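> just coords:
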Ligand SMILES: Nc1ncnc2c1ncn2[C@@H]1O[C@H](COP(=O)(O)OP(=O)(O)OP(=O)(O)O)[C@@H](O)[C@H]1O
Ligand SMILES: [Mg+2]
């Protein structure tokens, strides 16, 4: 890889253990700035564990992790980071607006009022801003989740299987939003086991299998069939992830 | 190397106990003069006091070790400290259980009742409950850094609470004259009694360290089995 | 500071959306008094002696319900995790949750107290006002520990039972002191022990809010 842009994420020999279970065994990779980077892997491959180490929520058992050149555990770069998972992180008994206002304060967002309205318009929920989140459909919930994630205008997005439980329509909408973020030059790290969607969005990809990196590469020029063949040849040996 | 050292310390402690425990039995049941009491059962029952107090002292000491090891864990994040903390919590709970069993055995012939809300017994019960809760917390969580962090937090808070519990219950007792029963433990100790007491405390402290050493060995064995399991799994 | 305030505001916005649960909790404490009336068939004089204890049992039970609710909403959609992912200092997040549960419990206690006066025929005097600082100190002691221990228990499947196991023995001192001082106030005669006990309650509160503030960081880590 040509080292032109400084890497946003640098991981070296990351290892994570939970007692007898190994969740990561020596994972090294780099994510350059403004890259859409996808991590493929089956259940138990170690994807979520990797993301929580990058976000600074969990400490690696050994190895080095740098995000924006700093140790994420030091929590200095938190405002440049956003996590999206299959959990919404929203409060059901608050309105859409109240949810955003609350998170905006925790992130010390400037001009919060304008920003919340702007973001709500962006995801097409402005007309529903006074409605309680618990009355929202799955798709609206997903849009508000995105609104919450982009509210503080972060540079790096960590997405842990965000497509789980979404129908076709909501999936397309999320893909559209991710494409917008990509066009804005944000760095995006996505984990998924969906090869089709992953390939469609990625610049680069990595395959995790049995808690190790088995393949990294550029997604450009790669057809879905070629990726599929590669993926299954790499993971077919052995039964399950753990 | 370490293996040899640890088994050496085990043999030393076990050897000491082999000699000292019979001596302590002799001191408690033959040597120390009986207390002045109205009936012989009460005189005999009083002799449990030496083991009762020795267990209580070790229970407290064990919880203090939990506290120190928990702080060390949060600071250094080393597995070693987690193992020490949990070992000491288990051994300490064991000693506290002995306190709670010997207390009533002594209370029945002395006061005619199994349980009394006497300050010492009540505090011991509350402390026992705190450390049982600590052990339950660990049972409810899978192995990992989260379990280590959470149990360290509870280990610290729990121990800070210990003197407050102790003090508040003693104070509470003085507010309720009906709960204060005269007899047995109170009053100054004869020199022979004091010697026997200190001797028993010493013997039990060696027992504490022996149990700790064994329990930590078990934890280390578990860790090394896990390690081998992981290596084997990587190969296959 | 704005973090603490944002959390309090958010918790209050949510609680006022579910007013029925506040009513339910109030009815619950009403039930406690009714049940106690039947379980302890004692003379009026004895009733006066045990009534401070009853009051605090009602306070603590509703406080437990409040704590469980307060952390249920943080668990539902992974919110505690998302709070920990913000740049906000975990210690401030602790204080936010601590203040909001404390305020709630206090409001609640204010609703329970009139019931108590009516049912147990409490004689009011100027001295009765002492109940306010006592309730505040006792409640802080309970919620300071309750907040951090709830955040500990939330990570297990047996959240509610574990919270009770951890919290009840640890709050013994503050309960003893609260009941005693409440007894003095209700009897209309402050004993010589009154003032020192109030000071002890303050010490207890300061110790556990400080320790919890310092340790909260380790509770939200993964
Ligand atoms: N807190 C934990 N305690 C114990 N083991 C864990 C913990 N978290 C993860 N693991 C284990 O670590 C391994 C990797 O898990 P991880 O959640 O990272 O996988 P994943 O790739 O995200 O899987 P999925 O597709 O199911 O989300 C698994 O074997 C899992 O059982
Ligand atoms: Mg996962």
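Perfect, I can see it now. Only a predicted model underlies this, so the values are computations on that prediction, with no experimental measurement involved. Ligands and ions are numbered 1, 2, ... in the order given.
> from now on I want contacts and neighbour counts done on CA atoms only, so please keep to that.
Noted.
> thinking residue B:14 is in contact with residue B:210, fair?
Yes. Counting by C-alpha atoms under 8 Å, residue B:210 is a contact partner of residue B:14 at 7.2 Å.
> so these two - more neighbours on which side?
residue B:210 (19 against 15; other C-alpha atoms under 10 Å in any protein chain shown).
> give me the secondary structure label for residue A:30.
Recorded secondary structure, residue A:30: strand (DSSP: H, G, I helix; E, B strand; the rest coil).
> which of the three states applies to the nearest residue to it once chain neighbours are set aside?
Excluding its sequence neighbours, the residue lying closest to residue A:30 (C-alpha to C-alpha, 6 or more residues apart in numbering or on different chains) is residue A:10, at 4.6 Å. Secondary structure of residue A:10, reduced to three states by three-state DSSP: strand.
> low-confidence ranges, chain A, go.
Along chain A, the parts satisfying pLDDT under 70 run over A:1-5, A:236-242.
> which residues of it lie near chain B?
Residues of chain A that fall close to chain B, judged by C-alpha under 8 Å from any C-alpha of the partner chain: A:17, A:18, A:19, A:20, A:21, A:22.
> which strands or helices does the helix or strand containing the first one pack on?
Under DSSP states H and E, the secondary-structure element containing residue A:17 is strand A:7-18. Packed against strand A:7-18, as judged by 3 or more C-alpha pairs under 8 Å, 6 or more residues apart in numbering or on different chains; DSSP states H and E, are the following elements: strand A:21-32, strand A:62-67.
> buried set for that strand?
Under the neighbour-count criterion of 16 or more other C-alpha atoms under 10 Å in any protein chain shown, strand A:7-18 has A:7, A:8, A:9, A:10, A:11, A:13, A:14, A:15, A:16, A:17 buried.
> hang on, the earlier thing: quick check: the residue nearest to residue A:30 touching residue A:63?
No. Taking C-alpha under 8 Å as the definition, residue A:10 is not a contact partner of residue A:63, at 10.8 Å.
> which of the residues in the longest helix belonging to chain A are buried?
Taking DSSP state H as the criterion, chain A has its longest helix at helix A:168-183. Using 16+ other C-alpha under 10 Å as the test for burial, helix A:168-183 gives A:170, A:171, A:173, A:174, A:175, A:177, A:178, A:179, A:181, A:182.
> same deal with stretch B:197-217?
For stretch B:197-217, the neighbour count (16+ other C-alpha under 10 Å) marks B:197, B:199-217 as buried.
> follow-up on the earlier one: partners of the strand holding residue A:17, with directions?
Within its sheet, and counting by DSSP bridges, strand A:7-18 is paired with strand A:21-32 (antiparallel), strand A:62-67 (antiparallel).
> ok, back up a step: okay, the buried residues of strand A:7-18 in a markdown table with distance to residue B:10 next?
As requested, those are exported to a markdown table (distance: C-alpha to C-alpha, whole Å):
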| residue | distance to residue B:10 |
| --- | --- |
| A:7 | 53 |
| A:8 | 52 |
| A:9 | 49 |
| A:10 | 47 |
| A:11 | 44 |
| A:13 | 39 |
| A:14 | 38 |
| A:15 | 35 |
| A:16 | 34 |
| A:17 | 31 |
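> where does chain C get nearest to ligand 1, residue-wise?
For chain C and ligand 1, the shortest gap (C-alpha to the nearest ligand atom) falls at residue C:222, measuring 7.4 Å.
> what's the local residue count around the closest residue to that residue other than its chain neighbours?
Spatial nearest neighbour of residue C:222, excluding adjacent residues (C-alpha to C-alpha, 6+ apart): residue A:58 at 4.7 Å. A count of nearby residues for residue A:58, using other C-alpha under 10 Å, gives 20.
> I appreciate the help and will end here.
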